[in-house]
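Student: Just need the structure, nothing else, for what follows:
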Amino acid sequence: GQVIPERRFVEAINRQAYQYEMGDFPTEWEAWIRKKRKDPPTIEEILKNENYREEMKQKIKEVAEKDKLLQAKEYKEGLVAEPVRTHVKGHASAPYYGKEEPSQDPTSTASTFQPGSWMPPGSSSSRNK
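Tutor: The predicted structure is shown next:
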């Protein structure tokens with residue numbers, strides 16, 4: 001009276017079974033092994049789908065190139081502003097923000113604390129108090 005579910009598996013030919021990774025098998029076989037489809041794929045179906053994927057990759061590449069050319073043309077004509085390039089100098093939790101000399105004042109950022117340093121009187125960065 002007990003129904004035993006069908007087990008689907010692939011025998012490794014050129015490698016050990018543990019050496020296979022996701023993507024080594026065509027997606028059609030992956031779907032059959034995982035019971036997402038009823039029947040195993042045919043060679044013709046796999047080749048047809050591979051050709052379709054390659055065509056799509058080529059079309060995507062062509063569209064991306066056309067888009068780059070169009071953007072360059074629009075930037076040149078002044079129709080669209082070029083994206084702003086920001087330069088990050090430090091991080092909020094970093095104790096160093098690009099200061100070239102030590103500070104008399106203590107600094108605290110997030111979980112760090114940098115005590116102030118002693119500066120001799122008359123130095124260019126000392127403050128008159």
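
Student: Give me the residues contacting stretch 3-10.
Tutor: Residues outside stretch 3-10 that contact it (CB atoms under 8 Å, 6 or more residues apart in numbering) are 25, 29, 32-33, 35. In short, each C-beta sits where N, CA and C put it, glycine included.

Student: Can you list the buried residues in it?
Tutor: Neighbour-count burial for stretch 3-10, counted by 16 or more other CB atoms under 10 Å, picks out no residue.

Student: Can you give the distance from that stretch to the centre of its chain?
Tutor: Computed by CA atoms, centre = their mean, to the nearest Å, the chain-centroid distance of stretch 3-10 equals 37 Å.

Student: Output that stretch as PDB, nothing but the C-alphas.
Tutor: Provided in PDB are the C-alpha atoms of stretch 3-10 (Å, rounded to 0.1, in the frame of the first residue of the first chain):
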ATOM      1  CA  VAL A   3       3.800   4.600  -2.900                       C
ATOM      2  CA  ILE A   4       7.500   5.100  -3.300                       C
ATOM      3  CA  PRO A   5       8.300   8.400  -5.100                       C
ATOM      4  CA  GLU A   6      10.400   8.300  -8.200                       C
ATOM      5  CA  ARG A   7      14.000   9.200  -7.700                       C
ATOM      6  CA  ARG A   8      15.800  11.000 -10.500                       C
ATOM      7  CA  PHE A   9      19.600  11.300 -10.600                       C
ATOM      8  CA  VAL A  10      22.500  11.800 -13.000                       C
END
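
Student: Right, I'll leave it there.
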